[in-house]
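**Q** Mind folding the following:
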Amino acid sequence: MRIMLMRQIPFDRMIALVAFAFLAFAFLGSYRSAAVGPDATTEQIVLGTKYTIHSEILGDDRSFIVNLPEGYESTELRYPVLYVLDAEYFYYQAHGALQFLSEAGYNINRPVPQMILVALLDGDRNRDFTSTHAPVQGPLRFPTSGGAAAYLEHLENELRPFIDENFRTSGSILAGWSLGGLFTFYTFLERPELFAAYIAISPSLWWNDQEPLGWARDRIPDGAELRQRLVITQGALEGGSIGSSVKGGIVPLLEEKEAKGWVYVEVPGVSDTSLTSGGDCLLSRSAVSEVTETCWEEYEAFQAQDLSELGALYLLLDGLYEPLRVHGVSREAVLCA
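**A** Sure, this is the predicted structure:
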């Protein structure tokens, strides 16, 4: 692994940037507007369309949200697809990150292409995201665990064909957090060709006495050149079972194997993907208000500098990072491979 400021945007760096922005946009909670007076005009802003299909494999109905990129209807272009697990928690976050990175008008050198966003609404995540039946995990109970094989079959043979038949697609990425990250990692090992890249955010690799590390040890040969990109992230202050199985587990294992084609992204000053180092919720209204004010102050100072010698991607990362720094994060470069 190495630390560098990115000026070029090869594919694996682009995926790492999407992963970082995915986490950074956790600051942007989704709030419903309050009632307005009768003299105001209103317009509903639609951020996606919810679909429901029946799964013969799973034996129930499954729902998901699709958001098409700006200009989709007026072109014949094909677009990559970002599949995001746990839509209940991460749909707005993923939507904001993609829109900012690929469509923001003032972001001239847009670092990622426009994408179709497909966000999957949960059935039973304890069942669907775990590959082995392990009902007792310390103090935690997972009585329905062990359904990942069936869920993966659903993605491969029902959901993906539906998306590819009804939308103009070209390649795809799978992203998941926690148990969703575990399923993302499982899919990467079981069906690596199914997606072009995988983003495992704070993945629960502690599952069943760190069983996923054994999968990786057995299935990834020494010196492997991974054909599909793998991005693994966690908070820099994240310890416990996540820290021991990610930073203390899969990262040194892949380094020892000298595997190529993977990236580890560590988010400074964050204890996990939903809490600050002080234990405050990133999605609280007070946190969003404070970050908004800080962003404006930092933007005024930042844009006054001579930026002509800096690459556009570095500027974007630094702009995202500044609000984190002001809220107690040590001042250092964003970590990327």
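**Q** where in the stretch 101-250 of the chain is pLDDT low?
**A** Along the stretch 101-250 of the chain, segments meeting pLDDT under 70 span 105-111.
**Q** just checking, what packs against the host helix or strand of Ala216?
**A** Ala216 is part of helix 207-219, with elements assigned from DSSP states H and E. Helices and strands touching helix 207-219, by 3 or more Cβ pairs under 8 Å, 6 or more residues apart in numbering; DSSP states H and E, are helix 179-190, helix 240-245, helix 251-257. The C-beta positions use only the backbone N, C-alpha and C, and glycine is treated the same way.
**Q** just checking, what packs against the shortest one?
**A** Here helix 240-245 is seen to pack against helix 207-219 when contacts are counted using 3+ Cβ pairs under 8 Å, 6+ apart.
**Q** Next, the angle helix 179-190 makes with the helix it packs on.
**A** 20 degrees (axes from the mean of the first three to the mean of the last three Cα atoms, to 10 degrees).
**Q** Go through the helix or strand that the helix holding Ala216 is followed by and flag the buried ones.
**A** Using DSSP H and E, the helix or strand that directly follows helix 207-219 along the chain is strand 225-235. Neighbour-count burial for strand 225-235, with 16 or more other Cβ atoms under 10 Å as criterion, is recorded at 226, 228-235.
**Q** in stretch 135-145, what's buried?
**A** So for stretch 135-145, counting by 16+ other Cβ under 10 Å, buried means 137, 142, 145.
**Q** Restricted to strands, list the residues you listed.
**A** Secondary structure from DSSP state E places Gln137 of the buried residues of stretch 135-145 in strands.
**Q** Closest one of the buried residues of stretch 135-145 to Leu68?
**A** Ser145 (34.8 Å; Cβ to Cβ).
**Q** So the closest one is in contact with Pro135, correct?
**A** Yes. Between Ser145 and Pro135 there is a contact under Cβ atoms under 8 Å: 6.2 Å.
**Q** for the protein, what spans make up the helices?
**A** Applying DSSP state H to the chain gives helices spanning 11-24, 87-103, 125-128, 148-154, 160-166, 179-190, 207-219, 240-245, 251-257, 285-303, 312-326.
**Q** picking up where we left off before, and the buried residues of stretch 135-145, which is closest to Ser131?
**A** Ser145 (8.6 Å).
**Q** List phi and psi for the closest one.
**A** Dihedral angles of Ser145 (phi, psi; degrees, to the nearest 10) stand at phi -60, psi 160.
**Q** What residues are bridge-paired with the residue lying closest to Ser172 once chain neighbours are set aside?
**A** Spatially, and ignoring its direct neighbours in sequence, Ser172 is nearest to Val81 (4.2 Å; Cβ to Cβ, 6 or more residues apart in numbering). Taking DSSP bridges, one finds Ile116, Ser172 as the beta-bridge partners of Val81.
**Q** In this structure Val81 contacts Met115, no?
**A** Yes. At 6.5 Å, Val81 and Met115 qualify as touching, with contact defined as Cβ under 8 Å.
**Q** do you know how far the residue nearest to Leu174 when sequence neighbours are not counted is from Tyr83?
**A** Closest residue to Leu174 apart from its sequence neighbours, by Cβ to Cβ, 6+ apart: Phe195 at 4.5 Å. According to Cβ to Cβ, to the nearest Å, Phe195 stands 7 Å off from Tyr83.
**Q** Please enumerate the shared neighbours of these two.
**A** Common contact partners of Phe195 and Tyr83 (Cβ atoms under 8 Å, 6 or more residues apart in numbering): 172-174.
**Q** ok, of those, which one's closest to Arg125?
**A** The nearest member of the shared contacts of Phe195 and Tyr83 to Arg125, counting by Cβ to Cβ, is Leu174 at 14.8 Å.
**Q** tell me, how many neighbours does that closest one end up with?
**A** Counted with other Cβ atoms under 10 Å, the neighbours of Leu174 add up to 27.
**Q** Could you dump the buried residues of stretch 135-145 into TSV and include distance to Gly59?
**A** Shown next, in TSV, are these (distance: Cβ to Cβ, whole Å):
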residue	distance to Gly59
Gln137	26
Phe142	20
Ser145	17
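**Q** Would you mind measuring from Leu77 to Glu70?
**A** Taking Cβ to Cβ, one finds Leu77 at 12 Å from Glu70.
**Q** And for Arg229?
**A** To Glu70, Arg229 is 25 Å away according to Cβ to Cβ.
**Q** sorry, back to before: please identify which of the shared contacts of Phe195 and Tyr83 is nearest to Asp209.
**A** For the shared contacts of Phe195 and Tyr83, the nearest to Asp209 is Leu174 (24.9 Å; Cβ to Cβ).
**Q** can you pull the contacts of the closest one?
**A** So Leu174 contacts 83, 85, 184, 187-188, 194-195, 197-199 (Cβ under 8 Å, 6+ apart).
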